[in-house]
Every structure is written in structure tokens, then in C-alpha cells.
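*Asks:* mind looking at a prediction? Sequence and model below.
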Amino acid sequence: MQIGYECPTCSAPVHLVDIETLTVLACPQCGTALEVPENGFVGDSSRHLARCLACPSHDLFVRKDFPQRLGVGIVVVGLLGSCVAWGMRELVATFAILFVTALIDLILYLLVPDCLACYRCGARYRGAGADGFAPFDLETHERHRQQVARVQELATRPPAGD
Ligand SMILES: [Zn+2]
Ligand SMILES: [Zn+2]
């Protein structure tokens, strides 16, 4: 199983492989080590996550392991291409380009595997069993977002005087 997360200390992207064999997740940039929790995995195979290893959250969701920039890039190239064809009054080419763009996106979507992501810290897990986890849920996402906002508010609020 692989993990990708943002180091909580220096914000560097950390990518580690075979995390089921590790006891700590160490940042190669600043050396910050996150201890892998004992209850992090379920079952003997260690292929199933019980919780996020980079933060204390238990809320993970299933998503496509698809680089968003690539998806957007394909759409942009397709749109530009169809605009050029439209400008040249090539009606068939215009729609052919749009159709092929949509098809490539669909095929990629079907080909790329699922991965798990953490609502709280955004960590991603590749090669993890996705059983028992649901797709992205806006309500859960909102709950975590508000929690982070509350913590930040408490941290910046001056101590109450008497
Ligand atoms: Zn770091
Ligand atoms: Zn997390």
C-alpha cells in the first residue's frame, strides 16, 4: 500500500510505499515522523485501512486515483481543438474532437483504480482495500472543514481576561 500526504510540519508532499511494513511515516524533507497507529489496519493481510495513518481521523472516502490536472488538461485540449475546427468551419471535425475527448475521459475513468482519501488531511492511499468505505460525502467533508475552522479560531482567539 502506498500513501501520499502533505507533511504537517513543512507541507512537503510525502510519498511512501509498503506502508503496512513501516512503524513510522517519515518526511524526507524535514524528518518529521508520524507514528503508524497500532489500530491502523484491519485483519491479518494488512491490506485494509481502519483509519487515516497521517491524522487521527477515521473518515476516509473512495475516489478515483486520477490526476485531476490530467483530466482537466484533456478537456481543455479537446475544447481548443474543437474551437479551431469550428473556426475552420469543419463541422464534422468539431464534433469528432469533442466526442473523442469525452471518450478518452471515459476510458481513463474506467481504467484508473480506486484509491482512498482522508477527509481531514487529504492523505491518499493506493492499493488499499476500499471495502467498507463510501464515496465522497459532502456532509462529512463539511463537518471536517468546520472542525478545522473552529480549531483555528480557538488558536487565534486571545485568552479571556477576568
Ligand atoms: Zn516535512
Ligand atoms: Zn488524515
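*Replies:* Perfect, thanks for sending it. Ligands and ions are numbered 1, 2, ... in the order given.

*Asks:* poorly predicted segments of the protein, please.
*Replies:* 44-46, 159-162 (pLDDT under 70).

*Asks:* what's the domain layout of it?
*Replies:* Domains of the chain are assigned by automatic domain parsing as 2-64+114-156, 68-110.

*Asks:* once you drop chain neighbours, what's closest to Leu108?
*Replies:* Closest residue to Leu108 apart from its sequence neighbours, by Cβ to Cβ, 6 or more residues apart in numbering: Phe66 at 6.8 Å. C-beta here means a position set from N, CA and C on the backbone, and glycine is covered the same way.

*Asks:* would you reformat the domains of the chain as JSON lines and include distance to ligand 2 and mean neighbour count?
*Replies:* Below are those laid out as JSON lines (distance: least, Cβ to the ion, whole Å; neighbours: other Cβ atoms under 10 Å):
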{"stretch": "domain 2-64+114-156", "distance to ligand 2": "3", "mean neighbour count": "15"}
{"stretch": "domain 68-110", "distance to ligand 2": "19", "mean neighbour count": "13"}
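
*Asks:* write out the residues of this structure neighbouring ligand 1.
*Replies:* Neighbours of ligand 1 within the chain, by Cβ under 5 Å from the ion: Cys7, Thr9, Cys10, Ala12, Cys27, Gln29, Cys30, Thr32.

*Asks:* just send the residues you listed back as JSON lines, with secondary structure too.
*Replies:* Below are those laid out as JSON lines (DSSP: H, G, I helix; E, B strand; the rest coil):
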{"residue": "Cys7", "secondary structure": "coil"}
{"residue": "Thr9", "secondary structure": "coil"}
{"residue": "Cys10", "secondary structure": "coil"}
{"residue": "Ala12", "secondary structure": "coil"}
{"residue": "Cys27", "secondary structure": "coil"}
{"residue": "Gln29", "secondary structure": "coil"}
{"residue": "Cys30", "secondary structure": "coil"}
{"residue": "Thr32", "secondary structure": "coil"}
